[in-house]
Every structure is written in structure tokens, then in C-alpha cells.
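# below is the structure, and that's it, no one-letter string:
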């Protein structure tokens, strides 16, 4: 667990306000222009999800990674191969697409998928997706936990399911569509068809979480149950995190032993959720690492400061029925070195189906075994 050095927190926060936390010409989501939540806007965003997506848009705007598009309708089912879809196959995101996750005990060779509008009108072709194009895991896209660009971007899910990754072009709006899917084995046994209807989430959708938020604390599994219980009771009782004792013994090259106190890293972490559904997240601070070679030679504690100034940006969506937040990244900017910049045209999931709660000036986000608590700026 990273421990925030609150002594330096506000000093760096002031620097952030002056230097980097506002708009950026390189980052279209870097301006603080939509930071007041409007309930009417959120209602309109959520209502757009009830619209039927036109068949012509599905034909042009839906792509399946690794699949062959074939004119006509899929072959007729001829067996009862074991086959079930995961519930996650009911939700999609603009530009990012959808992961169709399924389970089967059969030796699956591939799948057939045909997309339809909500009135059961099918597209003029279907997709033959070979098993070699499946991804294996709970999500075909990255679900990442990060503190900043230079630290780990971890997979949070266990690898348990097959996934078919479906991409959306920009023309796919918020709304609803359906698809038929079946799987087949090497002997051409074809399972029965499963129909699933999908909601493409609108960006935005919750006026109460719109704003600029500064990270106050974060925790992992050791305190997660208490925080989840607090959210369940609508009481945001958050543990008081204390810095750990960072003093340790070090043996120099000459054989002498010295005591070293490791300085705490400093970091300001700001999350901005705009009312239009765009977002960005900025990390400014430094990592302080012991220079063990120099320290060993001189027998004097020597440290290396690694400063960072990072920003991720993209869009957020709120599922008002399940009260869950999802954030999709579409790019990263190193605010001090543009050569490190990255874009994610198809999007990468950052926070997926997280529980959120707002009480007073506190925003709490809980995803699996990870909890973030922010204070409104």
C-alpha cells in the first residue's frame, strides 16, 4: 500500500494548481470547464441509453477482432454443446466496445455472432470468430490499477473465461442493440443460439460525482471489507492511515552499519470528472529511492529523486441501475516529456463497475479489493 506524505501534500498541491492541473493544449480533456454537476444533463445522458441503435450503424460500426465477416446467416445449430454467457456481455461503451465473455466445457473451435437491432432485424452478415482470436480472462481489455505511469499497471482479474473482443467505430452511439451467438467444435457441432441485448452506456450520468477530487487515502484488501460495509450502510467511515516506520539498517562497504530513514514519496493525485462525461487524472510528485551504491561507498545516506508529472484522460460512464462507475482511458500524457505520450484508440478500461458513494465533500470508489477516497477540491 502506498502511503501519502500529507506533510508535503498541500505544498505540491499548490504547485499543481499553478503548473499542471489545469488545461493542456496537448490534452483535450485537460480543462476545468464542466465541473458543476447538472442533474438535467445527467438525466438526458441516461435517457439516451434507451434509444434503439439503427441497423445501418451496426453494419458499419461494429468490428470483431480476428473474425471473418460472412454474408448471410450463421449455420443452423445441431447440438446441445454446453455454453453460457457472462453477465458482462450486456454492457458496452462508446468507442471502447464490448467483451463477450462465455464459458463452455466443450473443446471450442470458434463462435458465430450476428448483430441485430432491438426489433430483431439482423445485419446482412455474421462473424466467424476462430478460437485463436479468443482472449482468455475476465476481460479482453486491460483493467488497470495505477498510481502513475512509471509504476505497475496491474491486471486485477483472474484468468477464467473466454472473451471475444468487439470494437466500436465512433459512429456507434449510446443506446441498445442485440446479438445472437453460438459456438462450435472441431467436428462442426454447433450449439444452440443465445440472444443477448446490450446497452451502450452514455458518457456521464451522475451529477453528484462531477467535480475535481483530490486523493485523500487508498487501501487494498486488508481494510476493504470495513469500507464496503460503510458504503453499504451509507456511512463513509474511512480508516486513518498512518505512515509506516521506514528506518532500517544498512551495511557499508567498509563493514560499518548505519541506520537509514527512508523519506516518504510525495504525490498529489487529482481526479476530474466533467459533466459531459470526459475525465482526466493527474499525478504529480516524486519517488525517493536509496542510492545503495553511493551510500555503500561513502557510508552516508544518499537518495535519488525521481520526479513525475503524469496525466491519463478519457471518459466515464455511470450505470444508474446498478449504481456503478466505469472509466475508460483513451490516452496518457507525460507532462514533462512528450515522447512518452500514448494514445489508446480503442480505449483501455481503468475502473470497471466500481461502487461509488458521495457524502459531503467525500467521494469513495470501491472496485474489487481496492478503495480510493477523494476530497472535493
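Yep, that arrived. No experiment lies behind these values; they were computed from the predicted model shown. Numbers count the residues shown, from 1 in each chain.
# mind listing the strands for the stretch 101-250 of the chain?
With strands called from DSSP state E, counting those that start in this stretch, the stretch 101-250 of the chain shows them at 108-116, 125-130, 135-136, 144-145, 154-155, 162-168, 175-185, 194-201, 211-219, 247-251.
# residue 49: which of the ones you listed is closest?
Checking the strands of the stretch 101-250 of the chain against residue 49 by CB to CB gives strand 194-201 as the closest, at 5.4 Å. Yep, even glycine has a C-beta here, placed from its N, CA and C like the rest.
# buried residues of the closest one, list them for me.
194, 196, 198-201 (16 or more other CB atoms under 10 Å).
# which residues does that strand contact?
49, 53, 83-85, 89-94, 98, 100, 118, 168, 172-182, 317-319, 326 (CB atoms under 8 Å, 6 or more residues apart in numbering).
# ok, of those, which come out buried?
Buried subset of the contacts of strand 194-201 (neighbour count, 16+ other CB under 10 Å): 49, 53, 83, 85, 89, 91-94, 98, 100, 118, 168, 172-182, 317-319, 326.
# residues near residue 377, how many?
Counted by other CB atoms under 10 Å, the residues lying close to residue 377 total 17.
# could you find the closest non-adjacent residue to it?
Nearest in space to residue 377, with sequence neighbours left out and distances taken as CB to CB, 6 or more residues apart in numbering, is residue 212 at 4.2 Å.
# that neighbour: neighbour count?
Neighbours of residue 212 using other CB under 10 Å come to 15.
# residues of stretch 101-119 that come out buried?
101-102, 104, 108, 110-118.
# just to revisit the earlier point, how about the strands of the stretch 101-250 of the chain in CSV, adding distance to residue 279?
Output for those, formatted as CSV (distance: least, CB to CB, whole Å):
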stretch, distance to residue 279
strand 108-116, 29
strand 125-130, 32
strand 135-136, 26
strand 144-145, 15
strand 154-155, 20
strand 162-168, 19
strand 175-185, 21
strand 194-201, 14
strand 211-219, 10
strand 247-251, 39
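# list phi and psi for residue 61.
Backbone torsions for residue 61, taken as degrees, to the nearest 10, come to phi -110, psi 0.
# for residue 80, see how far away the nearest residue to residue 79 once chain neighbours are set aside is.
With CB to CB, 6+ apart as the criterion, residue 79 has its nearest non-adjacent residue at 4.1 Å, and that residue is residue 189. Distance of residue 189 to residue 80, computed by CB to CB, to the nearest Å: 9 Å.
# please enumerate the helices of this structure.
Secondary structure of the chain, counting by DSSP state H: helices at 6-19, 39-47, 55-61, 221-232, 292-298.
# ranking those helices by mean pLDDT, which is last?
Among the helices of the chain, helix 6-19 carries the lowest mean pLDDT, at a mean of 36.
# what's the burial count for residue 192?
Neighbour tally, residue 192, other CB under 10 Å: 12.
# hey, which helix or strand in this structure has the poorest pLDDT?
In the chain, no helix or strand scores lower on mean pLDDT, DSSP states H and E than strand 154-155, which sits at a mean of 33.
# for residue 299, give me the pLDDT.
For residue 299, pLDDT reads 97.
# pLDDT value on residue 27, please?
46.
# an error on my part: the question was meant for residue 265.
Residue 265 carries a pLDDT value of 84.
# go on, residue 349?
88.
# how close does it get to residue 327?
Taking CB to CB as the measure, residue 349 falls 8 Å from residue 327.
# repeat that for residue 76.
Shown here: residue 76 relative to residue 327, a distance of 42 Å by CB to CB.
# so the two - more neighbours on which side?
A direct count of neighbours by other CB under 10 Å for residue 76 and residue 327 places residue 327 higher, at 23 against 8.
# report the contact partners of the more buried one.
Residue 327 neighbours (CB under 8 Å, 6+ apart): 279, 314-317, 349-351.
# what's the neighbour count on residue 189?
16.
# please shift the residue numbers so they start at 414 in all later answers.
Shifting the count to begin at 414 puts that one at residue 602.
# separation between it and residue 539?
18 Å.
# now do stretch 465-474: distance to the chain's middle.
Its chain's C-alpha centre and that of stretch 465-474 lie 26 Å apart, by CA atoms, centre = their mean, to the nearest Å.
# which parts of it count as buried, going by neighbours?
For stretch 465-474, by 16+ other CB under 10 Å, it's 466-468, 470-471, 474.
# contact partners of that stretch?
528-532, 534, 536-538, 581-586, 588-590, 613.
# follow-up on the earlier one: for residue 754, find the nearest of the strands of the stretch 514-663 of the chain.
strand 557-558 (17.0 Å).
# what about the closest one, average pLDDT?
46.
# same thing with stretch 747-754?
Per-residue scores along stretch 747-754 average to 92.
# list the buried residues in that stretch.
Buried, per 16+ other CB under 10 Å, within stretch 747-754: 747-748.
# from one end of it to the other, what's the distance?
This stretch, stretch 747-754, spans 6 Å end to end (CA to CA, to the nearest Å).
# and stretch 729-737, by the same measure?
Stretch 729-737: ends 11 Å apart by CA to CA.
# contact partners of it?
So stretch 729-737 is in contact with 455, 459, 504, 506, 614-619, 622, 686, 690-692, 738-741, 766-769, going by CB under 8 Å, 6+ apart.
# count of residues packed around residue 767?
19.
# where does the stretch 614-763 of the chain dip in pLDDT?
634-658 (pLDDT under 70).
# same thing but at 90, please
By pLDDT under 90, the low-scoring segments of the stretch 614-763 of the chain are 631-659, 677-680, 699-700, 719-721, 735, 759, 761-762.
# quick one on the thing from earlier: which one of the contacts of residue 740 is nearest to residue 755?
Relative to residue 755, the closest of the contacts of residue 740 is residue 727; by CB to CB it sits at 11.9 Å.
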